[in-house]
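Participant: The following block contains a protein sequence and its predicted model.
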Amino acid sequence: MVDLDMVIAGLKCCTQDHCDPKDCPYFCESRGCEDIIKTDALTLLETYKPRVLTIEEAKSLQHNDIVWIDIGDIGMLEPQIVDKVVNGYLRFRNWLIWNFDKDRYGAYWRVWNAKPTDKQREEAKWDEVD
């Protein structure tokens with residue numbers, strides 16, 4: 001996993017007029033740090049790009065995670081704070097509760113890692129309903 005603090009420190013060092021290799025967490029003297037920093041920064045940015053979580057990812061959400069719920073017929077809800085996931089249920093702090101199986105995750109409701117644009121939401125395909 002990419003370390004956000006390390007990327008920030010590396011970018012700060014590389015954007016200065018003079019970067020002291022001792023201050024760079026990417027060890028500038030021993031390898032080409034700029035390409036590595038760019039790759040790490042891109043990896044971090046991609047994790048923040050809005051996308052629908054798989055059912056496995058949604059079932060792995062942790063207490064205090066913040067997600068966006070998309071309900072097919074209703075639309076996007078305000079950001080929700082996860083209380084817990086237990087016995088196939090996803091419960092939020094406001095007592096909103098979803099059952100992954102009964103409520104048909106992916107067909108009728110889904111979880112986003114970040115707020116999608118209208119275009120992103122339209123382009124994300126829903127599961128087929130039996």
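Facilitator: Noted; the coordinates are in hand.

Participant: pLDDT score assigned to the residue nearest the centre of the chain?
Facilitator: Central residue of the chain (C-alpha atoms, centre = their mean): N113, 4.2 Å from the mean position. Listed pLDDT for N113 reads 93.

Participant: ok, now the one 5 residues further on?
Facilitator: What the model reports for D118 is a pLDDT of 92.

Participant: which ones are touching the residue nearest to the centre of the chain?
Facilitator: Residues near N113 by C-beta atoms under 8 Å, 6 or more residues apart in numbering: T47, Y48, P50, R51, L53, V67, W68. All C-beta spots, glycine's among them, are computed from the backbone N, C-alpha and C.

Participant: what sits against the third one?
Facilitator: With contacts defined as C-beta under 8 Å, 6+ apart, the neighbours of P50 are W68, W112, N113, A114, K115, P116, T117, Q120.

Participant: per-domain residue ranges of this structure.
Facilitator: Taking automatic domain parsing as the reference, the chain has its domains at 4-47, 55-123.

Participant: Can you flag the weakest of these by average pLDDT?
Facilitator: Taking the mean pLDDT of those, domain 4-47 comes last: a mean of 75.

Participant: if we look at stretch 34-45, which residues are touching it?
Facilitator: Against stretch 34-45 from outside (C-beta under 8 Å, 6+ apart): V2, L4, M6, V7, G10, L11, C14, Y26.

Participant: Where do the strands of the protein begin and end?
Facilitator: Assigned by DSSP state E, the strands in the chain fall at 66-71, 75-76, 80-86, 89-92, 97-99, 109-112.

Participant: deepest of these, which one?
Facilitator: Neighbour counts (mean count of other C-beta atoms under 10 Å) averaged over each of those peak at strand 109-112, with a mean of 22.

Participant: Spatially, and excluding backbone neighbours, which residue is closest to W109.
Facilitator: In space, and not counting its chain neighbours, W109 is closest to I71: 5.0 Å by C-beta to C-beta, 6 or more residues apart in numbering.

Participant: for Y105, that is, sorry about that
Facilitator: I55 (5.1 Å).

Participant: My guess is the one you found contacts N99. True?
Facilitator: No - in this structure, I55 is not within contact of N99 by C-beta atoms under 8 Å, at 11.8 Å.
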